[in-house]
Structures are given as C-alpha cells and as structure tokens.
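>>> sequence first, predicted model second:
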Amino acid sequence: MRYSETLLPTLRETPAEAEIVSHRLMLRAGFIHKLTSGIYSYLPYGLAAIRKVENIVREEMDRAGARELLMPMVQPADLWKESGRYEKYGPELLRFNDRHERESCLGPTHEEVVTDIVRKALHSYRDLPVNLYQIQTKFRDEIRPRFGLMRGREFIMKDAYSFDVSDDAAEISYRKMYDAYKRIFSRCGLDFRVVQADSGTIGGSFSHEFMVLAETGEDTIVFCRECEYAANMEKAEVRTEENRQPDSLAGLEKMETPGKRKVNTVCEFLGISVEQLVKTMVYMADGKAVAVLVRGDRQVEEVKLKNLLGAAEVEMAEGKQVYEITGVPTGYLGPVGLNIKIVVDQEVAAMTNFYVGGNEKNYHMKNVNVSRDFQADAVADLRQITSSDPCPECGGALEMTEGIEVGHVFKLGTGYSESMQAMFQDKDGVEKPFVMGCYGIGVSRMVAAAIEQNHDENGIIFPVPLAPYTVIVLNLGLKDQAITEMAERLYRELSERGVEVLLDDRDERPGAKFKDADLLGIPFRVTVGKSLTKSGLVEVKNRKSGVTEEMVPEQLVAALLTKIAAEIDLQ
Ligand code: ATP
Ligand code: MG
C-alpha cells in the first residue's frame, strides 16, 4: 500500500478526550473516527489490524471444527420473549418498533437467533455435535461507553454456539473452545491469563474469561500464589470466619457524632477501628432502592449484588436520591428502622456489637446486631475480595493484577433450548433439549488490548501477527531518482514475497516520516535515503528493540524474511 493512496491521518497532539493509551494512540495513528458516543468508524489502518485478529480467530475456530455463518443484527422481540430475556436484559438491549409496529431489538448477542436456526434445522442425535460461529457487529447500549474500542456501544465480536447431546459431550465442546482460545491469544502475541468468571446475563452454570494483562484493565484478576486458582474479582468468593459471639450482645445505644459523616472521621471521633463500623449504602437495582451493608473498610461487589437481586443493572444512589428515599442525610444512614429492602454481607452478619449510622443527622448507633436490631432480607457474599483474604480454594495467599477481558467461554446447559423448545431425538428415541455452550471474543477490543500491552512513548509496537503492515519503507528522497527507484524496487520485491508493506511516498520531511513510522508501530522500518547515494546502503530498524542495521539493498529482502519468521516463531 502506498501511503499517498490510503487514508491514514496521523495526529501530533494527544486528543483530550482519550483517557487510556490505546485510545490515544488509536486516535493519533488514524485507526478510528468517532461518530458518536461509543460508535466508531474503523479507518483503513484500524480495519487492517482488526482483519488480522479476525483471520487468526477464523483459522483457529475452523481448526477446532466450528462452522462460520452470519446472523442478522436486527432481531424480533418475540424470540427474546421466548427465551425470557426480553424483560431481563435491561437497557443494554436497544429496542425499537419497525414500520408495522413490530417490536424489535439490535443483537447484543445471538443465543436466541442461533437456537432458532438449530431447532428448525437439526432433529437427530446424528446431526450433533455442531458448533456455529460468526464474526459480526454487536450493539449494546452500554451505560458508560469509554476508552474507544475497549468499551464501545457498537463493536465486533466473534461468537460461537455449540449444541450437544449430553453434558459430557458439551464438556468436550467447551474444552475444544477453551484450547482454541488459548491458541488464538498466544498466536496474537498477547500476555494473557485464564480465570474463573461470573456468568452474567448470558446465564449458564460455568465460565472462564481470557484476560490480557494490562494496568488499565477494567477487571481485576485474583490469583493464588500457592495453587492454580485464578478468578475475576467479580466472582471470587470470600471465605468468612464465624466470629459472632451471641452471648456478649450489648444494649443498643444512640450517640451524637456532630458533623462526622465519613468512615474515617466517625471512627476517629468514636475511637473505634474501621473493622467495628458497618457502612449502609443505597443502590438502585432496576430502579428499586435497596440498602447494602458491608464493613467500613470493604467495597461492595456490584456483580455479586446484581446476581443476588436478579437485577439487570445496579447503580449506587447519589446522596440527594438517598435523602429523597430515606429522609436521612449522607453519612448518617443505618439499618435500624430503615424501611427499604436490606441485604447484608456475610461478614457483617457474623459481627457482634457493631456501629452504624443513626438514621438522623449528627447521630450514629453502637452495639448493633443483625436479627436483634433489624431484619436482613438476605445475607450473602457481597463484598470485593482483597489480597489479604485467603484463597477460596486452598486458603493460601492471594495476589491481584489488572486485566482486560478479551474472551469468555460459557457452559450454558439446557436453559435456552428448554425455554425455546429446541429438541432433538436421541439414540433411545426420546426427545431431549440440546445442551449448549457459547463462546465470545471481543475482536475490536482485542486490538485495543494489544496496544495497551505493546507501546512506548513514541507509539504502538505491534506484535508481528497483529501488525496491519509488517514493513514500512520510507522514501526519503522523492526528488532523487536513485532513492525513489530503490524504495519502489524494495516495496515491489517485498510485496512479491508476500510481505505486507506500506511505502511512505508522501512529500513530507524525514522527521515527520520517522515519527509516523514509530507511531504506527509497524515492526520493521526500512529507510532509503542519503546513505544509498553516499555508500550504497539502506537501513533496517526493529521497532520493538530499536536496533538498527545498515545493509546493501540486495541483502534486504532475505534478511527481512528471516527476521519476520523469527518474530513469528517467538509467539
Ligand atoms: P464486560 O464485562 O467487559 O462488559 P461481557 O461479560 O459483557 O464483558 P460477553 O457478553 O462475554 O462480555 O462478550 C464477549 C466478549 O465481547 C467479551 O469478552 C469482550 O471481549 C467483548 N465485549 C463485550 N462488551 C464489549 C464492549 N462494550 N465493547 C467492546 N467489546 C466488548
Ligand atoms: Mg458487558
């Protein structure tokens, strides 16, 4: 590709709206163009990177025996009503009516559509197993679209769905996808980890996530230093020791705490430790208020709360909203006498004589005990695990790191096939529901994750398998015939050998071309300039190591082919 013929608008300045490095670099390197919140055009350079990911995904899915199809983005609401998800999915599902007033939605995922295909097309155990996949645009009306392609409203996903005769057979399909995913992320040159995950609104009994390790990741991974345990923090179960002392319950007391509203200031004022205080927080779960109690130093894990309440969305209520609902100003809320639903973290339920807000300005309460002083509508594991908690599996020491979820595999079981009446006839002549699995990869997110993991202060450093071009040839003498002929010749020869090359043939200063080459992150840079006319040499630079070498042009193609092969072998 000639630079002069493509659309590759690079920027010198860092765009103000971008908060994380991949988003900044994608905007600066002419990857994407924002149309509106969470919705982007993929410009030629960005699309080329996406195609690289797609090709690897496609090869590995085909190798694992999955078959590609393409399903529609617009889906009838009736199908979603059959599965029972039309109500459950919440505002991420974009709903609308067509001209005939038929309720419709934009596909955030395709369990319903694929199940409809299979229930009509397959009827016998002899047709199974089958695994169908597509690479397609999804729409989710995310509450907080951000970070560019990392969390868009419109994004590209690879989704696959397996159909089997039994749980055991479904386990084999799941394992195949699990292994294929490991191959995909390794081949892309990414540093990743596989973790146990929450099953979310897709439902199902069991799932794993594939996480690319990066500081800016929205997810936290918890892993054990002593055993194999690794989980998304959302799902990591907290082990709580039973330390309630039912014989030592003291009398409930209200105390004045003038102007003390924050956990720390209340504890300091009362001379107590933060472990003795319990926070009461109000959350809105699908529009309904619920009070959540956790120890003063703990954080509520919203995914656990969502699962407990069976809610599509939960969000912490703001101070003003809390006042409107409870009549209590911020900082003084407590469970005693509170007339909204109350859910309690298991750790709090195991505490004796703790402190809470007094439900009145400038007051707190002491010697509070669950059941005696207020009723809990539910007690459950509701808090985030911390690195000082024991490993839920072996009790060993935990560590935490940040990650970006790029893939997710689920065992679905028969939930969808039962509700949608998707049946096959088994060997014994009995009609049975298909046993399903589903498997997603965030294709567009993966490009963002790759950049988060591979960059420096000058720009992107693409792993070779994901680079839109493997080599960039800089022509630094557009008006010099010898230089231009050599740049053209190397461009042609490399292209003929199957190397993807970008020829920078723009009328720009050398400094600008060097800067853009670094920004774009193309693994190898070939410079054809003054050295050619002076000493008959061209220069090769490795973007990752920064190492440069000069050589005669006749050696260049063979030398580059060896270098490229070596980089791919490293993956
Ligand atoms: P998240 O927790 O990040 O919202 P999810 O659990 O909703 O993800 P899945 O339904 O499992 O995601 O979707 C499969 C894959 O699609 C995810 O692993 C992720 O890589 C990608 N993905 C999900 N939501 C988005 C989004 N808004 N933008 C880009 N990629 C996404
Ligand atoms: Mg999501």
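Nice, I can see it. This structure is a prediction, so every number in the text was calculated from the model and none was measured. Ligands and ions are numbered 1, 2, ... in the order given.
>>> from here on, just use CA atoms for contacts and neighbour counts.
Will do.
>>> residue ranges of the helices in the stretch 451-571 of the chain, please?
481-496, 510-520, 530-535, 553-570 (DSSP state H, counting those that start in this stretch).
>>> my guess is residue 505 contacts residue 477, does it?
No. With contact defined as C-alpha atoms under 8 Å, residue 505 does not reach residue 477; the gap is 9.1 Å.
>>> who are the neighbours in contact with residue 455?
461-462, 521 (C-alpha atoms under 8 Å, 6 or more residues apart in numbering).
>>> could you do residue 422 as well?
Contacts of residue 422 (C-alpha under 8 Å, 6+ apart): 115-116, 118-119, 416, 433-434.
>>> next step: the residues you listed restricted to helices.
Within these, residues falling in helices by DSSP state H are 115-116, 118-119, 416.
>>> where does the stretch 151-300 of the chain have low pLDDT?
200-205, 242-243 (pLDDT under 70).
>>> who does the residue of it found nearest ligand 1 bridge with?
In the stretch 151-300 of the chain, the residue that lies nearest ligand 1 is residue 151 (3.5 Å; C-alpha to the nearest ligand atom). For residue 151, the beta-bridge partners under DSSP bridges are residue 146.
>>> could you find the closest non-adjacent residue to residue 150?
With sequence-adjacent residues excluded and distances taken as C-alpha to C-alpha, 6 or more residues apart in numbering, residue 150 is closest to residue 445, at 4.7 Å.
>>> so the one you found lies in a helix, does it not?
Yes. Looking at residue 445 with DSSP: H, G, I helix; E, B strand; the rest coil, it is inside a helix.
>>> check it and give its pLDDT.
Looking at residue 445, its pLDDT stands at 98.
>>> how close does it get to ligand 1?
Distance of residue 445 to ligand 1, computed by C-alpha to the nearest ligand atom, to the nearest Å: 5 Å.
>>> now the helices of the stretch 451-571 of the chain in a markdown table, with distance to ligand 1 and mean neighbour count?
What follows is the helices of the stretch 451-571 of the chain, written out as a markdown table (distance: least, C-alpha to the nearest ligand atom, whole Å; neighbours: other C-alpha atoms under 10 Å):
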| stretch | distance to ligand 1 | mean neighbour count |
| --- | --- | --- |
| helix 481-496 | 33 | 17 |
| helix 510-520 | 22 | 18 |
| helix 530-535 | 45 | 13 |
| helix 553-570 | 24 | 14 |
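>>> burial of residue 506, as a residue count?
15 (other C-alpha atoms under 10 Å).
>>> element containing residue 162, please.
strand 154-164 (DSSP states H and E).
>>> next one: residue 168
Short version, using DSSP H and E: residue 168 is in helix 167-187.
>>> do the same with residue 325
Residue 325 belongs to helix 319-326, assigned by DSSP H and E.
>>> quick one, what contacts residue 484?
Residue 484 touches 475, 477-478, counting by C-alpha under 8 Å, 6+ apart.
>>> picking up where we left off before, after the helix holding residue 325, next one along is what?
Following helix 319-326 toward the C-terminus (DSSP H and E): strand 341-345.
>>> grab the nearest non-local neighbour of residue 440.
That would be residue 159: by C-alpha to C-alpha, 6+ apart, it lies 4.4 Å from residue 440.
>>> which ones are touching that neighbour?
109-110, 133-136, 438-441.
>>> run a quick neighbour tally on the closest residue to residue 453 other than its chain neighbours.
Among residues not flanking residue 453 along the chain, residue 214 sits closest, at 5.8 Å (C-alpha to C-alpha, 6+ apart). Residues lying near residue 214 (other C-alpha under 10 Å) number 20.
>>> on that earlier part again, make CSV from the helices of the stretch 451-571 of the chain and add mean pLDDT to it.
Formatted as CSV, these follow (pLDDT from 0 to 100):
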stretch, mean pLDDT
helix 481-496, 97
helix 510-520, 97
helix 530-535, 96
helix 553-570, 90
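>>> now do the helix holding residue 168 and strand 154-164, the angle between them.
140 degrees (axes from the mean of the first three to the mean of the last three C-alpha atoms, to 10 degrees).
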